[in-house]
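> all I have is the shape, not the residue letters:
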């Protein structure tokens, strides 16, 4: 059913797909215009769901096709595995560097980096941007090569993941005494970081096809870092570990189903 988009250039697919995924953040923030609070139990489930979606997307839509692409290029299982390992570690290192040198604030863990000269709202914006960029990058590279189905699954899955995330982000901003409109607007605008990542990812694999397995693995590593360093700790710090774990499992199987059926 995806044959009609095969003739669209990869760059456009990556840009459109990541834009749609990013707008999930704004869609999720719409209820904040009506409600002003949400229970910690629901927040834990929603954050866990997002982590599960990202974990499955990383596994089935990035790492597996990255291994397949590397194997096609090298005709060596060992070399292809080493390429993917290196790409994953590079992606994780990129996010680690970003966290250390870009001032930002987690909604539960608090601020990180040299943040003394920035208003708190900008710390939140930077934190969400650091989070959203690898998601957009993943969608962009997901459309590379012959993996259009993976890119589509990634765009849908990450868009679904962004819906509860956008709501949680907007609610957190409300608790910091920002207005409903401001909270919604910030959540909506931060979703625009994803098309930037999507454009870069799709552009790289379009110009240099041999970089496809590296780009997929890099995006996978960046997403793994976000999952482990941010989303799961945030969900568990709410004191709703079981609910968060249930959300992870549901999110994982939903994304796995999307990837298999669309593929």
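That came through, no problem. Here the structure is a predicted model, which is why all the values come from computation and not from measurement.

> now do the helix or strand harbouring residue 197: everything it contacts.
Residue 197 belongs to helix 193-207 when assigned by DSSP states H and E. Residues outside helix 193-207 that contact it (C-beta atoms under 8 Å, 6 or more residues apart in numbering): 9-15, 17-19, 21-22, 128-129, 132-145, 158, 162, 211-212, 215, 219. All C-beta spots, glycine's among them, are computed from the backbone N, C-alpha and C.

> which of the residues you listed fall within helices?
Secondary structure from DSSP state H places 10-15, 17-19, 21-22, 128-129, 132-142, 158, 162, 212, 215, 219 of the contacts of helix 193-207 in helices.

> buried ones among those?
10-11, 13-15, 17-19, 21-22, 128-129, 132-142, 158, 162, 212, 215, 219 (16 or more other C-beta atoms under 10 Å).

> residue contacts, the most centrally placed residue in the chain?
In the chain, the centroid-proximal residue (C-alpha atoms, centre = their mean) is residue 135; its distance is 2.9 Å. Residue 135 makes contact with 18, 21, 22, 54, 158, 161, 162, 194, 197, 223, 226, according to C-beta under 8 Å, 6+ apart.

> tell me which of these is nearest to residue 173?
residue 162 (15.6 Å; C-beta to C-beta).

> just give the nearest non-adjacent residue to that closest one, would you?
Among residues not flanking residue 162 along the chain, residue 24 sits closest, at 3.2 Å (C-beta to C-beta, 6 or more residues apart in numbering).

> quick check: the one you found vs residue 178, distance?
To residue 178, residue 24 is 21 Å away according to C-beta to C-beta, to the nearest Å.

> the two: who's more crowded?
More crowded of residue 24 and residue 178, by other C-beta atoms under 10 Å: residue 24, with 24 against 18.

> show me the strands in the stretch 151-263 of the chain, by range?
With DSSP state E, counting those that start in this stretch as the criterion, the stretch 151-263 of the chain has no strands.

> what about it, any weak spots by pLDDT?
The stretch 151-263 of the chain contains residues with pLDDT under 70 at 263.

> related to what we said a few turns ago, which of the contacts of residue 135 sits closest to residue 78?
For the contacts of residue 135, the nearest to residue 78 is residue 223 (24.6 Å; C-beta to C-beta).

> burial count for the nearest residue to that closest one once chain neighbours are set aside?
The shortest distance from residue 223 to any residue other than its chain neighbours is 4.8 Å, reached at residue 58 (C-beta to C-beta, 6+ apart). Using other C-beta under 10 Å, the number of residues around residue 58 comes to 27.

> from memory residue 58 sits against residue 222, does it?
No - the criterion here is C-beta atoms under 8 Å, and residue 58 misses it with residue 222 at 9.2 Å.

> give the contact list for residue 168.
28, 38, 43, 46, 47, 107.

> helices - which of those residues land there?
Among these, the members falling in helices (DSSP H) are 28, 43, 46, 47.

> give me the lowest-pLDDT entry from these.
Scanning those for pLDDT, the low point is residue 43. It has 80.

> and the gap between that residue and residue 195?
27 Å.

> how about residue 256: what's its closest non-neighbour residue?
Using C-beta to C-beta, 6+ apart, the closest residue to residue 256 is residue 56 (4.8 Å).

> quick check: next helix or strand after whichever strand or helix holds that neighbour?
Per DSSP H and E, residue 56 falls inside helix 40-56. Tracing the chain past helix 40-56, the next element assigned as helix or strand by DSSP H and E is helix 64-74.

> quick check: buried residues in the helix or strand just after that following helix?
Following helix 64-74 in sequence order, the next helix or strand is helix 77-101 (DSSP H and E). For helix 77-101, burial by neighbour count (16+ other C-beta under 10 Å) applies to 80, 83, 84, 87, 88, 91, 92, 94, 95, 98, 99.
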